[in-house]
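Peer 1: Attaching a predicted model along with its sequence, questions to come.
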Amino acid sequence: MNKSTLLSAALLSATALSLPAHAVPDAPSQWEKCAGIAKSGMNDCGALDGSHGCAGQAKADNLDAEWVYVPEGSCEKITGGRVAAVKPAK
């Protein structure tokens with residue numbers, strides 16, 4: 001590499017490091033099971049009514065017994081969502 005290429009790489013690295021890191025939001029400290037919003041085949045785990053025990057088995061969109069995890073406080077902001085339970089994040 002020549003001096004010009006090294007200088008350009010160093011300036012690019014310094015610029016990238018000086019930019020604020022606000023592009024990614026903070027990870028939530030709590031999650032809630034949000035029922036009634038899961039899409040077909042996109043639920044996070046077993047159905048609330050016990051009809052199955054695994055993720056990805058929702059038969060249709062927006063079934064009351066199917067749920068997905070969302071950051072605490074956001075479920076009730078989603079049309080059709082209702083909080084089934086809250087748990088700490090890992």
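Peer 2: The structure has been received and is ready for your questions. Residues are numbered from 1 along each chain as shown.

Peer 1: contacts and neighbour counts: CA atoms only from here.
Peer 2: Will do.

Peer 1: Strands of this structure, start to end?
Peer 2: Using DSSP state E, the strands of the chain run over 30-35, 67-71, 82-88.

Peer 1: what about the second one, average pLDDT?
Peer 2: This predicted structure assigns strand 67-71 an average pLDDT of 94.

Peer 1: ok, it: who's next to it in the sheet?
Peer 2: The strands beside strand 67-71 in its sheet (DSSP bridges) come out as strand 30-35 (antiparallel).

Peer 1: the inter-axis angle of the strand it pairs with versus strand 82-88?
Peer 2: 150 degrees (axes from the mean of the first three to the mean of the last three CA atoms, to 10 degrees).

Peer 1: can you tell me which residue is nearest the centre of the chain?
Peer 2: V70 (6.2 Å; CA atoms, centre = their mean).

Peer 1: From what I see, it and A35 are in contact.
Peer 2: No: with contact defined as CA atoms under 8 Å, V70 and A35 do not form a contacting pair (10.0 Å).

Peer 1: Where does pLDDT dip in the chain?
Peer 2: Scanning the chain for pLDDT under 70 picks out the ranges 1-25, 89-90.

Peer 1: So which residues of it form helices?
Peer 2: Taking DSSP state H, the helices of the chain run over residues 3-18.

Peer 1: Quick check: the gap between the residue nearest to the centre of the chain and N43.
Peer 2: Counting by CA to CA, to the nearest Å, the gap from V70 to N43 is 12 Å.

Peer 1: re the thing from before, including distance to G50, could the strands of the chain go into TSV?
Peer 2: Output for those, formatted as TSV (distance: least, CA to CA, whole Å):
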stretch	distance to G50
strand 30-35	14
strand 67-71	12
strand 82-88	14
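
Peer 1: any idea which of the ones you listed is most buried?
Peer 2: strand 30-35 (a mean of 22; mean count of other CA atoms under 10 Å).

Peer 1: Identify the residues contacting the residue lying closest to L63 once chain neighbours are set aside.
Peer 2: Nearest residue to L63, sequence neighbours excluded (CA to CA, 6 or more residues apart in numbering): G36, at 5.1 Å. By CA atoms under 8 Å, 6 or more residues apart in numbering, the contact list for G36 reads 62-67, 80-82.
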